[in-house]
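>>> 3D model of this:
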Amino acid sequence: MSTNKLFFGDCLEILKTLPDQSCDLIYLDPPFNSNATYNLLFASPSGKNAKAQIEAFDDTWHWGEQSAREFRDIQQNASTEISNTLVALIDLLGTNDMSAYLIMISNRLIETKRVLKETGSIYLHCDPNASHYLKIVLDGIFGSTNYRNEIIWKRTIAKSNMKNRMPNNHDIIFYYTKSSNYTFNQSALYIPYDEKNLPITTKQKYTHIDSNGRRYRLDNLNSASSDRPNLTYEFLGFTKVWRWTKERMEKAYKEGIVVQTKPGTIPQQKRYLDEQKGIPIDDVWTDINPLNSQAKERLGYPTQKPLALLDRIILTSTNKGDVVLDPFCGCGTAIHSAELNKRTWIGVDITHLAISLIEKRLKDSFSNSKFEIIGTPKDYESAIDLAKRDKYQFQWWACSLVGAQPYKGKKKCADGGIDGQIFFEDGGIKKILISVKGGMNISVAMIRDLIGTIENNKADIGIFITLKSPTQPMKVEAVNAGYYESKYFPNKEFPRVQILTIEGILNGTERAVFPESMQGEYNFKKAQREKIDNSIQKNLKF
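Numbers count the residues shown, from 1 in each chain. Next comes the predicted model:
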């Protein structure tokens, strides 16, 4: 596991391919069982985004053939403890949506235990709808003795419209380890002191402020032992058993660290607040804010978690070079944190949309990020296979090949054959429409339809992406559509309708032609460039 890897596919199947005891930390943020459908918003340059919503994922789980099959697999192959636990839970709950959710999570947690090192840790992010059941499952898989914390992350401020119950404004993160011997960096669990967040007890303790504005308290210099002849000497009129040698004491006095508050008083040591570790963090995390709509790191992905949350988890439970695994990586915050903190990482997601977003995020944020993408089509045959298995995943993947944002996704509505769109600036905001065809039956009528769609939507260019090579009449129809005239590139030709084959895009012989240098951030929000060698990173000892 020396190479960063990004897998497309069901994490259960991917986990089964990973070696035993190959990961130091596993963070899981699976879709919650909250009966919600999450849309990913791609805003157009005008700020209107309703038409550009695509269904990123649906976290509603239903008991069916898949759930029953995975339940049988657990009964036949898992340990007696977890098998008995799940049988009892299913007997209690019945074969319903919650049971389906628990079976799905349990089957994957069983595999995470196998790939986790003996010194490793696992964090499961969940909400209160299922957390009480998930803790029972985790106890059954990892053992109750390996339970470390139930972390409460307060993600929102309580709303005033309480209606008939108190608002739910927190997530739960269960923290377990594989054994009693595990990585735990206490240094990562302190909030640096500053005047804005000082507890009252700290202010009462550190009452002094020097001429430079540094807050400090005075502490005695007595030795912990009364029998230390080498530390017994006279200093400023007092003979005592001191904490330091005489040489060190005299040096500290000259530097102003040892002081007498009044003539004739016992010398004391200045302890500066900014030299202390900070405020210790407990299992209730209120200092990490959720990502609001104005947050710089926000990419628009539903349920995106703040980078600070994953930094804390990764820095607490891993060291540099350790392997971090995220089986439900979404838009890749855990992957981003692992890369930033110099950990090796493995990410898995079941949608090509997530894979393409993570790939772009890493390239935008890091100048030399190196990783391998596994499971996405690399050749014509694998592209055909994807189109046969899932037309929506194929469409999302094909759109990513030309840098287009997906359009509407699985929503059942008249989209006019639009599968993606690209915005660019060329004397005003311009639009390109993408039409993807994964079947073998294509015709000139499809090109005519695309031309009509371009006109109806007041777009400027249309790109037709196809698995099958276009016919001659299709090529002629595309040429007859004419050219887009660019304000910034007056001497360059941009065909108004362009036909690209998947095979040509993959082998590099075909590409979309448009004023792409003027795209700005109209299509995907660009992640901020990270400065890896900043002072914080240089000082990390773990």
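
>>> Can you pull the phi/psi pair for the residue lying closest to S67 once chain neighbours are set aside?
The shortest distance from S67 to any non-neighbouring residue, by Cβ to Cβ, 6 or more residues apart in numbering, is to A100 (4.1 Å). (C-beta placed from N, C-alpha, C; glycine too.) Backbone torsions of A100, given as degrees, to the nearest 10, read phi -60, psi -40.

>>> Tell me the confidence at A100?
We have a pLDDT of 88 for A100.

>>> if I pick it, what's in contact with it?
Going by Cβ atoms under 8 Å, 6 or more residues apart in numbering, A100 touches W61, H62, W63, G64, S67.

>>> pLDDT value on the second one, please?
According to the prediction, H62 has pLDDT 79.

>>> quick one: which helix or strand includes it?
Applying DSSP states H and E as the criterion places H62 outside every helix and strand.

>>> From I151, how far out is it?
Relative to I151, H62 is positioned 30 Å away (Cβ to Cβ, to the nearest Å).

>>> Ok, the last one next?
Here the criterion is Cβ to Cβ. By it, S67 lies 29 Å from I151.

>>> Kindly report the same for Q472.
Look at Q472 and I151: by Cβ to Cβ, they are 63 Å apart.

>>> Pick out whichever of those two has more residues nearby.
The neighbour comparison of Q472 against I151 (other Cβ atoms under 10 Å) goes to I151, with 21 against 8.

>>> what's near enough to touch the more buried one?
Contacts for I151 were tallied using Cβ under 8 Å, 6+ apart; they are Y123, I172, I173, F174, Y175, D283, V284, W285.

>>> Among those residues, which ones are in strands?
The strands, defined by DSSP state E, take in Y123, I172, I173, F174, Y175, V284, W285 from the contacts of I151.

>>> Low-confidence ranges, the chain, go.
For the chain, the stretches with pLDDT under 70 are 1, 33-60, 157-161, 300, 408-416, 516-527, 532-542.

>>> Just want the most central residue of the chain.
Nearest to the mean C-alpha position of the chain, by Cα atoms, centre = their mean, lies T333 at 1.8 Å.

>>> could the contacts of A100 go into TSV alongside distance to L291 and neighbour count?
Putting the contacts of A100 into TSV (distance: Cβ to Cβ, whole Å; neighbours: other Cβ atoms under 10 Å) gives the following:
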residue	distance to L291	neighbour count
W61	25	23
H62	30	12
W63	33	19
G64	34	10
S67	32	22
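
>>> just curious, which of those is nearest to N222?
When those are ranked by distance to N222 (Cβ to Cβ), W61 comes first, at 63.1 Å.

>>> Pretty sure the closest one sits against I105.
No: the criterion here is Cβ atoms under 8 Å, and W61 misses it with I105 at 9.5 Å.

>>> ok so, going back, now the two most distant members of the ones in strands among the contacts of I151.
Every pair of the ones in strands among the contacts of I151 checked by Cβ to Cβ; the farthest is Y123 and V284, at 15.5 Å.

>>> quick one on the thing from earlier: identify the farthest-apart pair in the contacts of I151.
Farthest pair in the contacts of I151, by Cβ to Cβ: Y123 and V284, 15.5 Å.

>>> between the two, who's got more neighbours?
Neighbour totals were compared for Y123 and V284, and Y123 leads with 22 against 12 (other Cβ under 10 Å).

>>> And for Q528, the neighbour number?
By other Cβ under 10 Å, the residues close to Q528 number 12.

>>> Which residue is the nearest non-sequential neighbour of it?
With Cβ to Cβ, 6+ apart as the criterion, Q528 has its nearest non-adjacent residue at 6.0 Å, and that residue is K296.

>>> quick one: buried residues of the helix or strand where I110 lies?
Per DSSP H and E: I110 is located in helix 97-115. Residues of helix 97-115 classed as buried: 98-113, 115 (neighbour count, 16 or more other Cβ atoms under 10 Å).

>>> Repeat that for stretch 77-84.
Within stretch 77-84, the residues that count as buried by 16+ other Cβ under 10 Å are A78, I82, S83.

>>> Narrow those to those in helices?
The helices, defined by DSSP state H, take in I82, S83 from those.

>>> ok so, going back, quick one: contacts for the residue nearest to the centre of the chain?
T333 neighbours (Cβ under 8 Å, 6+ apart): Q304, K305, P306, L307, L309, L310.

>>> Using TSV, lay out those residues together with distance to A387 and secondary structure.
Listed next are these as TSV, based on distance: Cβ to Cβ, whole Å; DSSP: H, G, I helix; E, B strand; the rest coil:
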residue	distance to A387	secondary structure
Q304	29	coil
K305	32	coil
P306	36	coil
L307	35	helix
L309	37	helix
L310	34	helix
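
>>> ok, those residues vs M440, which is closest?
Nearest to M440 out of the contacts of T333 is Q304 (Cβ to Cβ; 38.1 Å).

>>> ok, the closest one touching G332?
No: assessed by Cβ under 8 Å, Q304 is found out of contact with G332, at 9.3 Å.

>>> Comparing the two, which residue is more hemmed in?
Higher neighbour count among Q304 and G332: G332, with 29 against 20, using other Cβ under 10 Å.

>>> That one touches D364, doesn't it?
No: using Cβ under 8 Å, G332 is not in contact with D364, being 11.2 Å away.

>>> all strands for the stretch 201-350 of the chain, in order.
Counting by DSSP state E, counting those that start in this stretch, the stretch 201-350 of the chain has strands at residues 208-209, 215-219, 232-235, 238-241, 258-259, 268-272, 279-280, 284-285, 323-326, 344-349.

>>> what about S22, neighbour count?
With other Cβ under 10 Å as criterion, S22 counts 15.

>>> my bad, should have said N169
N169 has 13 neighbours, counted by other Cβ under 10 Å.

>>> any idea how far it is from W153?
In terms of Cβ to Cβ, N169 sits 10 Å off from W153.

>>> Same check on T183?
Distance from T183 to W153, by Cβ to Cβ: 21 Å.

>>> S443: which of the strands of the stretch 201-350 of the chain is closest?
Closest approach to S443 among the strands of the stretch 201-350 of the chain (Cβ to Cβ): strand 344-349, 34.9 Å.

>>> After that closest one, which helix or strand is next?
Downstream of strand 344-349, the first helix or strand assigned by DSSP H and E is helix 352-365.

>>> Against which helices or strands is that next one packed?
Using 3 or more Cβ pairs under 8 Å, 6 or more residues apart in numbering; DSSP states H and E, the elements in contact with helix 352-365 are strand 5-8, strand 54-58, helix 333-340, strand 344-349, helix 391-401.

>>> And for the longest one, what's in contact with it?
Taking Cβ under 8 Å, 6+ apart as the criterion, the residues outside helix 391-401 that touch it are 351-353, 355-356, 359, 376-377, 383, 386-387, 405-407, 409-410, 419-420, 434, 436, 438, 465, 502, 505-506.
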